[in-house]
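1. show me the folded form of this:
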Amino acid sequence: MQKPVSRKSRNSMHTHTSRSSSKLTAALMEQTVKVERARTDIRYAEEEAELLKQEAALKASCNLLTAKKELEAAEKDLDAVKMVLDFNEECSGDKASDFDNDNFLTTRYVNENVDVDRPPPIQSMDNDHVSPVPVLVSSHRLDPDATPF
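-> Predicted structure coming up:
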């Protein structure tokens with residue numbers, strides 16, 4: 001047989017049970033808060049990781065774009081240098097040969113026309129226009145080694 005529990009004992013047990021329940025409820029609430037805080041931290045960490053990935057991708061794209069820009073500028077500089085070198089080669093070759101050719105043609109013309117009484121026409125610099133002004137030419141042959149007047 002069971003002893004009847006006194007009212008005082010019942011109240012004491014109820015109070016003890018309530019305290020234990022309150023402690024458990026407080027612990028449960030504390031753990032729930034920790035879990036929710038951890039979930040929030042994870043959500044923000046995922047967003048931050050995504051932003052860091054995007055930032056890294058943008059930085060890589062910027063670095064690639066900078067390298068492409070530098071390459072294009074270097075190619076343009078190289079093309080300009082090649083153009084100048086090609087122009088100089090063309091000019092130096094053409095000018096020397098043109099100069100020699102002009103001297104040859106002038107000498108040949110003078111030598112072929114020494115006996116003619118009329119002077120040869122004067123040509124302008126562009127070689128497309130002949131001047132009507134006569135030039136006196138002496139009747140002796142051109143001497144390439146002769147000293148100027």
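
2. mean confidence for the helix or strand containing residue 82?
-> According to DSSP states H and E, residue 82 maps onto helix 7-112. Regarding helix 7-112, the rounded mean pLDDT is 84.

3. which other helices and strands contact that helix?
-> With contacts taken as 3 or more CB pairs under 8 Å, 6 or more residues apart in numbering; DSSP states H and E, helix 7-112 sits against no other helix or strand. Placement of C-beta: from N, CA and C, glycine included.

4. and residue 79, how many neighbours does it have?
-> Close neighbours of residue 79, defined as other CB atoms under 10 Å, add up to 10.

5. contacts only, for it.
-> Neighbour list for residue 79: empty [criterion: CB atoms under 8 Å, 6 or more residues apart in numbering].

6. roughly how far does it sit from residue 68?
-> Distance, residue 79 to residue 68, using CB to CB, to the nearest Å: 16 Å.

7. now residue 75
-> 10 Å.

8. now residue 21
-> 70 Å.

9. same thing with residue 54?
-> 21 Å.

10. over to residue 89?
-> Counting by CB to CB, the gap from residue 89 to residue 68 is 31 Å.

11. what of residue 85?
-> 26 Å.

12. now residue 48
-> For residue 48, the distance to residue 68 - CB to CB - is 30 Å.

13. what do you get for residue 23?
-> As judged by CB to CB, residue 23 and residue 68 stand 67 Å apart.

14. now residue 86
-> Counting by CB to CB, the gap from residue 86 to residue 68 is 26 Å.

15. list the contacts of residue 89.
-> So residue 89 contacts nothing (CB under 8 Å, 6+ apart).

16. residue 55: neighbour count?
-> 10.

17. now do the one 5 residues further on
-> In terms of burial, residue 60 registers 10 neighbours under the definition other CB under 10 Å.

18. what's the answer for residue 109, then?
-> 13.

19. then residue 106?
-> The burial count for residue 106: 13, using other CB under 10 Å.

20. then residue 107?
-> If you count neighbours by other CB under 10 Å, residue 107 ends up with 14.
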